[in-house]
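In: What would the 3D arrangement of this be:
(one chain, ligands or ions: 1)
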Amino acid sequence: MSLIKIFTGVTFEKLFLKHNFGHQTYKSHKNPLLIGIGGFGKVLKYEWKDSGLTVALKCLKADTIVDEKIIKDFIYELKLLQSVSNHQNVISFYGVTKDSDGYYNMVLQYADDGTLREYLITNFTKLQWTDKLYIAKEIALGLLYLHDNNIIHRDLHSKNILIHQRQPKITDFGLSRQINEITSNSNLHGMPASGLAMDYVQ
Ligand SMILES: Nc1ncnc2c1ncn2[C@@H]1O[C@H](COP(=O)(O)OP(=O)(O)OP(=O)(O)O)[C@@H](O)[C@H]1O
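Out: Here you go, the predicted structure:
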């Protein structure tokens with residue numbers, strides 16, 4: 001085990017205890033299936049034996065990053081998500097678990113239709129206007145709930161909205177901030193409009 005891994009492990013342990021995220025034993029998850037790869041590591045689907053729920057474990061592969069700030073940012077993301085994840089249009093957060101390789105994972109509700117982007121690619125021609133308006137309304141309700149809780153997402157796009165049983169759920173709070181922490185000189189964040197979108201509006 002590398003020194004960095006020991007260092008990040010200790011930091012995580014202390015911070016997780018402090019914030020009381022709810023720790024789950026990794027052994028209570030079975031039947032892993034790789035469903036995606038994000039900026040910080042793999043995302044796997046599991047059956048959570050104790051609850052009967054299907055969950056997504058999102059791994060933070062922190063031992064490749066010699067930066068305590070990344071770990072603090074991860075904890076901050078969990079804190080924000082935990083404070084709003086009881087809403088039907090926000091992905092549910094169930095806690096954290098340490099996998100067999102020693103990496104920390106956030107345990108999230110599994111969304112059975114993947115991202116909104118994937119969902120639209122597969123279903124766009126089948127969807128009626130009422131379905132599209134329903135999706136837009138539900139995203140707006142989720143966003144309103146974040147704003148009512150003083151949280152600005154700052155990275156809302158179709159890959160950060162998941163679809164579960166036709167219900168949109170906002171996810172990925174990595175760039176989110178509490179409103180009182182935004183300063184007037186904050187840098188630009190989020191995803192730039194794609195060439196395709198620009199072509200469309202011209
Ligand atoms: N809760 C979930 N349920 C179902 N699939 C998920 C879930 N979370 C993530 N995924 C799948 O895993 C992929 C990668 O997710 P992740 O959030 O790590 O990606 P990302 O947004 O590209 O990365 P980053 O977090 O660095 O912005 C997604 O594109 C999606 O297909």
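In: pull the helix or strand with minimum mean pLDDT from the protein.
Out: Ranking every helix and strand in the chain by mean pLDDT, DSSP states H and E puts helix 195-201 at the bottom, with a mean of 40.
In: buried ones in the lengthiest helix in the chain?
Out: Using DSSP state H, we find that the single longest helix of the chain is helix 129-148. Within helix 129-148, the residues that count as buried by 16 or more other CB atoms under 10 Å are 135, 138-139, 142-143, 145-146. No exception for glycine: its C-beta is placed from N, CA and C like everyone else's.
In: centre of the chain versus that helix, how much separation?
Out: 18 Å (CA atoms, centre = their mean, to the nearest Å).
In: Check which helices and strands that helix sits against.
Out: In terms of contacts (3 or more CB pairs under 8 Å, 6 or more residues apart in numbering; DSSP states H and E), helix 129-148 is packed against strand 167-170.
In: wait, does the strand it packs on contact the ligand?
Out: No. Contact of strand 167-170 with the ligand is not found when judged by CB under 6 Å from any ligand atom; the minimum separation is 8.0 Å.
In: Give the buried residues for the longest strand along the chain.
Out: For the chain, the strand that runs over the most residues, judged by DSSP state E, is strand 29-38. Counting neighbours by 16+ other CB under 10 Å, one finds that the buried residues in strand 29-38 are residue 29.
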